[in-house]
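Student: Just to be clear, the model below is a prediction. Sequence and coordinates:
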Amino acid sequence: MAAQPSAPPARPHPSHILSLHRQYSLSTSWDGDDAWDSGSDDDTPATASPTTAPRAIPAQQHSPSSQHQRPAHNPAQTSGTSFSYTVVNAPSASSYPPKPASATPASTSSSSSSKHGSGWTLVRKGNKETVSPATQPSTSVATPVDLDDLDADMIIPGEIDDEPPTSRSTPPLLKPDVLEIVSDPLRIVRDRATAADTQPVQHKSGLSREKSIRTSRKDKILDCLLAEDVDLATLRKIAWSGIPDDLRPVAWQLLLGYLPLAQAARGPAIARKREEYASLVRLTFARGREGLDQQIWHQIEIDVPRTRPGVRLWMEAATQRCLERILYVWAIRHPASGYVQGINDLATPFFQVFLSAYIYSDPEQIDPSRLPESVLSAVEADTFWCLSRLLDGIQDNYISQQPGIHRSVRRMAELVGRIDAPLVEHLRAQGVEFMQFAFRWMNCLLMREISVRNTVRMWDTYLSEGADAFSQFHLYVCCAFLVKWSDQLRKMDFQGVIMFLQSLPTQGWTDHDIQLLLSQAWLYSTTWQNAQSHFG
């Protein structure tokens with residue numbers, strides 16, 4: 001057998017595979033010769049002596065130093081059918097003579113169409129007749145072989161045009177009317193309404209029914225947002241089941257009361273609030289770090305880099321500086337509570353939602369330093385004011401001793417005892433206290449248990465429920481969240497329960513899972529909200 005070839009050996013004809021296996025069952029293995037790798041695609045052969053011409057290729061070559069020795073032919077040990085095969089090395093591109101300069105018109109047009117000439121063409125050469133055992137020598141003799149008699153693939157360079165590299169245009173980061181959106185948040189709503197009007201109406205059935213329902217709900221939200229005076233009750237009713245991504249920034253600001261319901265008053269109002277926040281920042285940081293409350297600032301500096309670890313947006317320096325200013329200004333304006341760990345998480349949904357109004361891509365995957373300064377300042381100011389309105393309803397959770405959280409956890413234990421008594425009995429038998437897992441659920445509003453996308457969808461419903469939803473309705477959501485895992489938890493001991501509740505399998509949750517959770521929480525609220533006796 002020849003020395004290790006640069007290209008994979010040609011496969012034997014299918015009709016002789018069985019006899020080949022019987023004949024060489026005692027020979028050594030091919031080692032790595034029969035495996036195709038990327039190195040076999042190189043133009044330069046691996047052997048020291050390149051192929052000189054494709055007209056005559058030796059059938060087999062043997063040397064005493066060959067690693068794989070072919071066993072001597074013994075007619076007594078074989079079944080009477082002998083077989084030999086030929087190893088064909090891929091010729092080097094340099095072994096072919098250059099094409100003549102003068103050519104016929106046909107060849108000239110052909111060569112002009114393949115002016116790159118650096119590709120490869122696979123030509124299948126096959127022999128229709130089966131090799132006869134009588135005419136095929138059983139000993140290894142180096143004889144010329146006609147290419148027409150080979151059952152192999154022949155590689156000819158220079159016959160395939162090089163495909164030009166496909167140019168992938170990078171989608172733009174910012175929306176073209178980004179500066180107009182800064183001054184007029186309703187612009188994105190008008191653009192959405194214009195795009196909806198230009199789309200043709202399609203009448204379909206079957207699976208498109210659900211899509212038609214969503215489209216109808218989007219149209220209702222558009223009509224509501226474009227009204228001269230937004231009907232807040234109507235907006236809450238429609239937004240309870242979710243808000244489209246491009247309409248969410250304006251809808252959230254209206255539901256929180258940050259934007260006036262009257263359309264004419266929105267522009268001046270939002271400009272005034274943004275300027276007010278800018279003045280607060282200038283006043284707060286006027287004396288540099290030396291003028292800051294070092295205890296509060298130190299805790300913020302520790303928590304900000306921990307916010308959403310692994311997400312590019314929150315690893316960028318520009319985002320972290322924005323979050324530091326938001327948290328510190330809020331803490332100084334609320335001395336009764338100051339800054340408490342967990343508030344940093346509550347700012348992230350607002351920041352991402354408001355940032356999405358100005359860009360096309362996923363907010364979590366961008367570097368905010370590429371944004372215009374006016375855009376980043378607007379997102380920071382809007383986040384600050386909306387976070388402030390959210391925290392105003394749950395400030396008891398963050399004042400000294402955090403009485404709001406302790407009260408909510410106690411009520412949750414009592415309520416789950418009414419809903420799923422066997423689960424509560426099992427937790428008590430294992431020594432599991434609600435405070436060991438539910439404290440974080442109340443402090444961070446379940447943001448450590450579900451993704452930001454799931455949180456955003458959940459907050460659509462919270463904001464639609466009203467001002468006290470982050471304290472009252474969230475209680476029922478936590479109850480439904482715990483009862484959802486009841487079957488698994490009742491099979492675990494203390495360590496298993498704690499570990500499971502600290503790392504719940506919600507990574508694959510979609511909007512549908514959140515919708516089911518919210519629906520169950522709504523059933524609990526309608527059943528138990530007016531029955532104050534279950535709170536003890």
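Tutor: Ah, there it is.
Student: How is the chain divided into domains?
Tutor: 1-97+131-147, 178-392, 403-535 (automatic domain parsing).
Student: Mind giving me the packing neighbours of the longest helix seen in the chain?
Tutor: If you go by DSSP state H, the chain has its longest helix at helix 263-284. Packing partners of helix 263-284 (3 or more C-beta pairs under 8 Å, 6 or more residues apart in numbering; DSSP states H and E): helix 317-333, helix 373-392. (Each C-beta comes from the backbone N, C-alpha and C, glycine too.)
Student: helices or strands up against the last one?
Tutor: Helices and strands touching helix 373-392, by 3+ C-beta pairs under 8 Å, 6+ apart, are helix 178-183, helix 248-255, helix 263-284, helix 317-333, helix 343-355.
Student: Any chance you could give me the fourth one in PDB, C-alpha atoms only?
Tutor: What it means is helix 317-333. The C-alpha coordinates for helix 317-333 follow below in PDB (Å, rounded to 0.1, in the frame of the first residue of the first chain):
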ATOM      1  CA  ALA A 317     -19.900  52.100  31.800                       C
ATOM      2  CA  ALA A 318     -22.400  54.600  30.300                       C
ATOM      3  CA  THR A 319     -25.400  52.500  31.700                       C
ATOM      4  CA  GLN A 320     -23.800  52.100  35.100                       C
ATOM      5  CA  ARG A 321     -23.200  55.800  35.400                       C
ATOM      6  CA  CYS A 322     -26.900  56.500  34.600                       C
ATOM      7  CA  LEU A 323     -28.000  53.900  37.200                       C
ATOM      8  CA  GLU A 324     -25.700  55.300  39.900                       C
ATOM      9  CA  ARG A 325     -27.200  58.800  39.400                       C
ATOM     10  CA  ILE A 326     -30.800  57.500  39.400                       C
ATOM     11  CA  LEU A 327     -30.300  55.500  42.600                       C
ATOM     12  CA  TYR A 328     -28.400  58.200  44.500                       C
ATOM     13  CA  VAL A 329     -30.700  61.000  43.600                       C
ATOM     14  CA  TRP A 330     -33.700  58.900  44.700                       C
ATOM     15  CA  ALA A 331     -32.000  58.000  48.000                       C
ATOM     16  CA  ILE A 332     -31.200  61.600  48.800                       C
ATOM     17  CA  ARG A 333     -34.800  62.600  48.100                       C
END
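Student: so for it, what's the average pLDDT?
Tutor: Helix 317-333 carries an average pLDDT of 98.
Student: The first one too?
Tutor: The average of the pLDDT scores along helix 178-183 is 91.
Student: Same question for stretch 291-304.
Tutor: On average, stretch 291-304 scores 96.
Student: go on, stretch 415-435?
Tutor: Rounded mean pLDDT across stretch 415-435 is 97.
Student: Same check on stretch 344-361?
Tutor: 96.
Student: Can you give me the buried ones in that stretch?
Tutor: Neighbour counts using 16 or more other C-beta atoms under 10 Å place 344-359 of stretch 344-361 among the buried residues.
Student: Ok, stretch 286-304 next?
Tutor: 292, 296, 297, 299, 300, 303, 304.
Student: Closest to residue 490 out of the residues you listed?
Tutor: residue 303 (35.6 Å; C-beta to C-beta).
Student: What residues does that closest one make contact with?
Tutor: 327, 341, 344 (C-beta atoms under 8 Å, 6 or more residues apart in numbering).
Student: Stretch 224-232 spans what distance, first to last residue?
Tutor: 9 Å (C-alpha to C-alpha, to the nearest Å).
Student: And the contacts of that stretch?
Tutor: Stretch 224-232 has contacts (C-beta under 8 Å, 6+ apart) with 186, 189-190, 193, 234-235, 238, 247, 250-251, 254-255, 261-264.
Student: Buried by neighbour count, from those: which ones?
Tutor: Among the contacts of stretch 224-232, those classed as buried by 16+ other C-beta under 10 Å are 189, 235, 238, 247, 250, 251, 254, 255.
Student: If you average the pLDDT over the helix or strand where residue 223 lies, what comes out?
Tutor: In this structure, residue 223 is located in helix 208-225 according to DSSP states H and E. Averaging pLDDT along helix 208-225 yields 80.
Student: just to revisit the earlier point, tabulate the buried ones among the contacts of stretch 224-232 (a markdown table), appending pLDDT and distance to residue 414.
Tutor: Formatted as a markdown table, those follow (pLDDT from 0 to 100; distance: C-beta to C-beta, whole Å):
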| residue | pLDDT | distance to residue 414 |
| --- | --- | --- |
| 189 | 87 | 44 |
| 235 | 97 | 34 |
| 238 | 96 | 34 |
| 247 | 96 | 39 |
| 250 | 97 | 39 |
| 251 | 97 | 35 |
| 254 | 97 | 35 |
| 255 | 98 | 30 |
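Student: Need those in TSV (columns: distance to residue 492).
Tutor: Output for the buried ones among the contacts of stretch 224-232, formatted as TSV (distance: C-beta to C-beta, whole Å):
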residue	distance to residue 492
189	49
235	43
238	41
247	42
250	45
251	41
254	44
255	39
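Student: Which single one of the residues you listed is nearest to residue 397?
Tutor: residue 255 (20.5 Å).
Student: State the distance from the closest one to residue 238.
Tutor: 11 Å (C-beta to C-beta, to the nearest Å).
Student: check contacts around residue 255.
Tutor: Neighbours of residue 255 in contact, by C-beta under 8 Å, 6+ apart: 232, 235, 236, 239, 463, 464.
Student: Just the buried ones from those residues?
Tutor: Buried among those (16+ other C-beta under 10 Å): 235, 236, 239, 463, 464.
Student: could you point out which element follows the longest helix of the chain?
Tutor: helix 294-303.
Student: Now do that next one against helix 343-355, angle only.
Tutor: Our comparison of helix 294-303 with helix 343-355, counting by axes from the mean of the first three to the mean of the last three C-alpha atoms, to 10 degrees, yields an angle of 60 degrees.
Student: Beyond helix 294-303, next helix or strand please.
Tutor: Note on helix 294-303: by DSSP H and E, the next helix or strand toward the C-terminus is helix 312-315.
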